[in-house]
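>>> This is the structure alone, sequence omitted:
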């Protein structure tokens, strides 16, 4: 499971001209699901993101998490995070999970954040969406559940 996490002042997602999800201060999470992902990936990523300290404290240092600041999350499914661009000019998406696998895992991810007392808004799975945001910082982080399981490299 792969996430592009953006710290935002506000964000919204629109489908067919109607806003279907919006948040104020918090995180916009673009979420891609790999064909091998499971509920273990959902829990791992939700826990890490909920506690990720990327919000400033009174000194402006990254010492506060989404939970600490009482922020919200806007979760938008995005299979294109698994684009394979190694060959040719058209990306391949063969490692992205099929909709019947991905949709329940995206829903489970949103539910896992809610279970951690984070207000969550979502896009519409499989729809053409327009995402608007004001990136705060800017702060943008890419996280992958497969990489989170690897041992840290020593420097």
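Everything's here; your move. Source: prediction; values computed, not measured.
>>> Where does pLDDT dip in this structure?
154-155 (pLDDT under 70).
>>> Residue 89 versus residue 20, what's the distance?
33 Å (Cβ to Cβ, to the nearest Å). From N, CA and C alone the C-beta is placed, and that goes for glycine too.
>>> which of these two has more neighbours?
A count of neighbours by other Cβ atoms under 10 Å puts residue 20 above the other of residue 20 and residue 89, at 15 against 5.
>>> could you say which helix or strand contains the more buried one?
Assigned by DSSP states H and E, residue 20 belongs to strand 18-23.
>>> Report how many residues lie close to residue 114.
13.
>>> How about it: what's its closest non-neighbour residue?
residue 120 (5.2 Å; Cβ to Cβ, 6 or more residues apart in numbering).
>>> Could you do residue 140 as well?
Residue 140 sits nearest to residue 6 (Cβ to Cβ, 6+ apart), 4.9 Å away.
>>> Look at the one you found and say how many residues are nearby.
Residue 6: 23 neighbours (other Cβ under 10 Å).
>>> That one looks like it's in a helix, true?
No: with DSSP: H, G, I helix; E, B strand; the rest coil as the criterion, residue 6 is located in strand rather than a helix.
>>> do you know how far it is from residue 141?
Distance, residue 6 to residue 141, using Cβ to Cβ: 8 Å.
>>> again, but for residue 76
For residue 76, the distance to residue 141 - Cβ to Cβ - is 16 Å.
>>> So these two - more neighbours on which side?
residue 76 (21 against 13).
>>> Tell me who's in contact with the more buried one.
With contact taken as Cβ atoms under 8 Å, 6 or more residues apart in numbering, residue 76 is in contact with 13, 21, 28, 29, 30, 31, 122, 123, 129, 131.
>>> Repeat the analysis, applying 6 Å as the threshold.
Residues counted as contacts of residue 76 (Cβ atoms under 6 Å, 6 or more residues apart in numbering) are 13, 30, 123, 131.
>>> Looks like the last one contacts residue 13 (just checking).
Yes: in this structure, residue 131 is within contact of residue 13 by Cβ atoms under 6 Å, at 5.1 Å.
>>> Right, I'll call it a day here.
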